[in-house]
Structures are given as structure tokens and as C-alpha cells.
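**Q** The following comprises the amino acid sequence and a computationally predicted model.
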Amino acid sequence: MTQTTKTEVAPIEKTVLVARPVEEAFRIYTEELKSWWPLDSHARDTERRDTAVLEPRVGGRLYERTRDGEELDWGEVQVWDPPHRLVHTWHLGRPETATEVEVRFAPEGDGTRVELVHRGRNTETSDDGLYGFYARNVTLSYCYLHDLGRVPILMREWNGMTVEYCYIARNSSSPVNHAEGVSDSGSDNVVIRNNVWKDIEGTGFIVILGNGGAADNWQIYGNVFFHSAQYGAPPNNEGVAGVIRVLNDASNASVANNWTIHNNSLINIQGLWSGFRIDAGTNNVAFNNLWHNSVRTAHTGVSLSHSWYFNTVPDGDSVSVQMGTGNPFRDISNEDFHLTAATAPGRLLGSPYGTDMEGSPRGADGVWDRGALERSGP
């Protein structure tokens with residue numbers, strides 16, 4: 001894997017004129033954040049948001065306070081020079097990603113010129129790809145996300161997200177900057193369909209962690225998850241601890257409810273486990289998935305049926321299981337994951353699971369195949 005190098009992104013600079021004297025402009029900016037900051041859309045918790053606070057001293061906290069009194073950090077004050085200059089960090093609860101915001105206030109005419117510079121964003125190896133808190137109704141289609149330092153997609157308490165027809169390849173995980181393919185906490189109504197996921201490492205390909213509460217109503221179908229023959233050269237040889245992981249332990253309180261995980265192909269998965277591991281939750285099902293040449297599955301917290309396993313130990317799965325040997329795919333080395341022969345009949349499913357990523361209808365030949373791609377042609 002080619003590691004990204006640290007390259008600082010050009011700072012964001014903005015200047016505005018306000019019809020207030022310098023002292024009043026500085027006071028409003030620092031003491032009345034709620035009057036001008038758009039908390040309805042730009043808060044760590046938009047549903048419980050109440051106010052924003054900046055403590056007027058070096059080392060003071062910048063944070064939002066919810067209606068029930070919880071305080072969620074945004075940054076810390078580094079320079080406090082009223083009424084002329086303020087510098088604070090900006091990290092939204094992740095100090096390791098902190099950037100710097102500098103604001104200057106200077107007289108101009110009858111008012112004040114306010115100059116803001118946001119600097120310090122870079123593309124070092126700990127960077128994520130798509131990153132956000134509390135987003136609503138986002139669609140990511142036909143994208144190529146590759147060679148990212150940490151997490152390709154990081155979501156925190158989103159509602160309504162679709163990832164479809166994307167090729168997502170090669171991240172990097174380390175003890176300092178642990179990674180996964182999708183990192184989520186508490187997002188609902190998520191669809192991950194018809195994507196190819198290559199050489200992802202860390203906790204898992206799709207991971208729910210932290211204390212964001214329940215992640216409800218996820219549909220994960222038609223995807224290919226695989227580790228290539230080239231994967232495994234240090235430092236990128238960690239593998240995963242499950243293709244799907246929902247963590248509920250001493251450090252995490254995640255829960256998954258109403259998940260459907262259907263017709264995915266899981267190929268050459270390396271690491272500890274290759275299965276679906278949901279520590280807490282209800283009504284989670286997985287049908288018609290296909291494993292090939294992978295570490296043992298160690299499934300937990302999900303009801304499975306009609307799976308197909310090639311050279312893979314199917315822990316926790318015994319309903320309509322098909323076992324196989326050899327290679328069921330046309331040409332793994334060239335990423336041709338079409339089946340060379342029909343599988344035993346899979347479980348018939350309704351919409352939206354009736355077509356594969358190429359638009360081929362499932363079951364048109366009388367057999368609903370297992371795995372991501374319906375067999376068609378010779």
C-alpha cells in the first residue's frame with residue numbers, strides 16, 4: 001500500500017465588516033455564540049442542543065451544552081487578547097484531529113473588520129475520507145475512495161445514508177490510529193449496497209462503536225468484501241476482527257437493531273474473524289452470503305441462513321448451509337467475482353434485493369444464487 005504523506009491544506013480565510021465597535025463585536029463573538037452560531041444545523045447533537053459557551057481565558061473550553069446539561073467539547077482557547085484577538089483549537093471531541101482558528105478584530109470606519117483564519121488541516125496518514133457528525137439524508141454513489149490513512153467513511157449519529165456502487169480500497173490501521181472501513185456510532189436508516197471493498201483493515205469493514213446509542217435499520221447487501229493477494233505486506237497486515245462488528249463491551253455501548261445483511265461475497269478475509277459479530281441488538285438477519293478462503297467466521301448476534309462457505313469455518317451458522325471446496329469464482333486475481341456455477345438455491349427475498357450490482361435480476365434462471373453477483377451466462 002502507498003502511504004499518504006503529510007501535506008497541509010491551504011487555510012480557510014474570511015473577512016467581514018460588522019456595524020459594531022470593536023469591543024462590542026468581540027463581546028458578541030465570545031459571549032453570545034448562540035445568537036450567531038447556527039446550532040440547529042451545526043452542533044454535535046442537533047436534537048438536544050441548547051447553547052454554546054466559550055470560557056474567557058487561555059485554556060478555556062469551547063463547547064456546546066445540551067438541554068439536559070451535557071457538555072460536548074468543540075475546542076480550547078489558546079490566545080485570549082480582548083478585544084483584538086482570539087485563537088482556539090477546533091476538534092469536535094477528537095483532540096488528535098485539532099485544527100486552529102484565529103479571529104482578529106480591528107476598527108474600520110464606524111464598525112469593525114473581523115478576520116478569521118482556519119488553519120492546520122492536513123492529509124497525514126491519520127486522515128479520514130468522508131467525515132461528519134449528525135448529517136441527514138446523504139448519498140455517496142459511484143465514488144472511488146482509496147489509499148486513505150485511517151477510515152474511508154466516518155459517521156456519528158447520522159440519519160439517512162446510502163453508499164452505493166463505490167470502490168473503496170486500502171486504508172491503514174495502527175495501534176495509535178486504529179481504523180475500519182466504515183466507522184459509525186448511533187446512525188440510523190443506512191443502506192450500504194453494491195460496493196466493492198478491497199484490503200480494508202482494522203476492527204472490521206463496517207464497525208459500530210462508541211456510546212452513540214442504537215444504530216437502527218441498516219441494509220447491507222450486494223457487496224464484495226475481499227483481501228487481495230497483494231494484501232499482507234507490513235505495515236498493512238492487521239486484517240480485521242470481523243467483516244461487520246458492533247461493539248458492546250467495557251469501552252463501547254453500541255447496539256444494532258433491525259439489520260438485514262444479504263447476498264454479500266466475502267473473499268480471502270484475513271485477521272481474526274470474517275463473520276458478522278453483533279454484540280448487542282435484536283432482529284438482525286443475514287441470508288444468501290458467500291464466504292471463500294477466509295478465517296473462521298465467529299458469527300454472533302445475527303440469525304443466518306442459506307450461506308455458502310468455501311474453505312471457511314462457519315461458526316454459529318447451521319441453517320441451510322452449503323459447504324464447498326475449490327474456487328467458485330471466474331478470476332479472483334483480476335477481480336472477476338462472477339460465479340462459475342449456480343449455487344444451491346438461496347432464500348427468495350423481496351425488494352430491494354432482487355437485482356445485483358450489475359442490474360442482473362436474481363433468480364431469473366430459477367435459482368436465487370448466494371453471494372453478491374447472480375450467475376448469468378456460460
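**A** Happy to help now that I have it. Residues are numbered from 1 along each chain as shown.
**Q** For this structure, which segments are assigned as helices?
**A** 22-31, 33-36 (DSSP state H).
**Q** distance between the ends of stretch 34-51?
**A** 6 Å (C-alpha to C-alpha, to the nearest Å).
**Q** And stretch 332-352, by the same measure?
**A** Start-to-end, stretch 332-352 (C-alpha to C-alpha) is 27 Å.
**Q** Same list, the helices of the chain, but as a markdown table with mean neighbour count and mean pLDDT please.
**A** Every C-beta, even on glycine, is put in place using the N, C-alpha and C of the backbone. Shown next, in a markdown table, are these (neighbours: other C-beta atoms under 10 Å; pLDDT from 0 to 100):
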| stretch | mean neighbour count | mean pLDDT |
| --- | --- | --- |
| helix 22-31 | 18 | 96 |
| helix 33-36 | 13 | 93 |
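**Q** could I get these as JSON lines with distance to L92?
**A** JSON lines is the format used below for the helices of the chain (distance: least, C-beta to C-beta, whole Å):
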{"stretch": "helix 22-31", "distance to L92": "19"}
{"stretch": "helix 33-36", "distance to L92": "15"}
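**Q** contacting residues around the residue lying closest to P11 once chain neighbours are set aside?
**A** Spatial nearest neighbour of P11, excluding adjacent residues (C-beta to C-beta, 6 or more residues apart in numbering): R119 at 3.8 Å. R119 sits next to 8, 11-12, 99-100, 102 when contact means C-beta atoms under 8 Å, 6 or more residues apart in numbering.
**Q** Just give me the closest of these to S41.
**A** S41 lies nearest to I12 out of the contacts of R119, by C-beta to C-beta, at 18.3 Å.
**Q** Can you report how many residues lie near the closest one?
**A** I12 has 12 neighbouring residues, counting by other C-beta atoms under 10 Å.
**Q** I'd say it and E102 touch.
**A** No: I12 is beyond contact range of E102, at 11.0 Å (criterion: C-beta atoms under 8 Å).
**Q** Show me whatever sits in contact with both of those two.
**A** With C-beta under 8 Å, 6+ apart, I12 and E102 have common neighbours 116-117, 119.
**Q** ok, those vs W273, which is closest?
**A** R119 (42.0 Å).
**Q** On the pLDDT front, check that closest one for me.
**A** Predicted confidence (pLDDT) for R119: 88.
**Q** Check the one 10 residues further on too.
**A** We have a pLDDT of 87 for G129.
**Q** List the residues that contact it.
**A** Contacts of G129 (C-beta under 8 Å, 6+ apart): 145, 148, 151-154.
**Q** Include distance to A372 when you put those into CSV, please.
**A** Output for the contacts of G129, formatted as CSV (distance: C-beta to C-beta, whole Å):
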residue, distance to A372
L145, 19
L148, 23
V151, 23
P152, 19
I153, 19
L154, 24
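**Q** Report the lowest-confidence entry in the residues you listed.
**A** For these, the pLDDT minimum is L148, 82.
**Q** List the beta-bridge partners for the closest residue to A286 other than its chain neighbours.
**A** Take A286 and drop its neighbours on the chain: the residue closest to it by C-beta to C-beta, 6+ apart is I261, 3.9 Å away. Per DSSP bridges, the residues bridged to I261 are I220, A286.
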